[in-house]
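Q: Build me a model from this:
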Amino acid sequence: MTSIAVIGLYIAYALPIFFRITLARRSFMPGPFSLGPFSIIIGWIAVLWVVTISVLFSLPVAYPITDQTLNYTPIAVGGLFVILVSYWIVNARYWFKGPVTNVGTHNNV
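A: Predicted structure coming up:
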């Protein structure tokens, strides 16, 4: 259970970073705090770290591998990933517009 929670948390942090350094590389407008030219390289380091941790937390806990020692984390995370991507393709991409930015507005209280 701990492995599933850790991988889920890391993936939740890594996905926006990954999309920022790939899909939004040219269109991203940095806010008041920015890493400048280092943001892309640090982003890639962060994504590679999440991939490494995900692999390590998915390894079996003991050898020989039996049904009692098998780490079910990849099955749980993979199953949830399939369900969420399917839901996005079938339904959510039609109504979800993303967060509304409020950086730079003067109405903040």
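
Q: use CA for all of it now, contacts and neighbours both
A: Fine.

Q: Using CSV, list the CA coordinates for whichever strand or helix holds Ile83.
A: Secondary structure from DSSP states H and E places Ile83 in helix 73-87. In CSV, the C-alpha atoms belonging to helix 73-87 read as follows (Å, rounded to 0.1, in the frame of the first residue of the first chain):
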residue,chain,number,x,y,z
THR,A,73,1.9,-2.1,-7.0
PRO,A,74,2.4,-2.2,-10.8
ILE,A,75,-0.9,-4.0,-11.2
ALA,A,76,-2.7,-1.4,-9.0
VAL,A,77,-1.1,1.6,-10.6
GLY,A,78,-1.3,0.3,-14.1
GLY,A,79,-5.0,-0.7,-13.6
LEU,A,80,-5.8,2.8,-12.3
PHE,A,81,-3.9,4.4,-15.2
VAL,A,82,-5.9,2.4,-17.7
ILE,A,83,-9.2,3.4,-16.0
LEU,A,84,-8.3,7.1,-15.8
VAL,A,85,-7.0,7.3,-19.4
SER,A,86,-10.1,5.5,-20.6
TYR,A,87,-12.3,7.9,-18.7
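
Q: Can you give me the distance of Ile75 to Val82?
A: For Ile75, the distance to Val82 equals 10 Å [Cα to Cα, to the nearest Å].

Q: Which strands and helices lie in contact with the helix holding Ile83?
A: Applying 3 or more Cα pairs under 8 Å, 6 or more residues apart in numbering; DSSP states H and E, one finds that helix 73-87 contacts helix 2-21, helix 39-58.

Q: Quick one: closest of those helices to Ile65.
A: With Cα to Cα as the measure, helix 39-58 is the member of the helices and strands packed on helix 73-87 nearest Ile65 (13.0 Å).

Q: Mind giving me the packing neighbours of the closest one?
A: With contacts taken as 3+ Cα pairs under 8 Å, 6+ apart, helix 39-58 sits against helix 2-21, helix 73-87.
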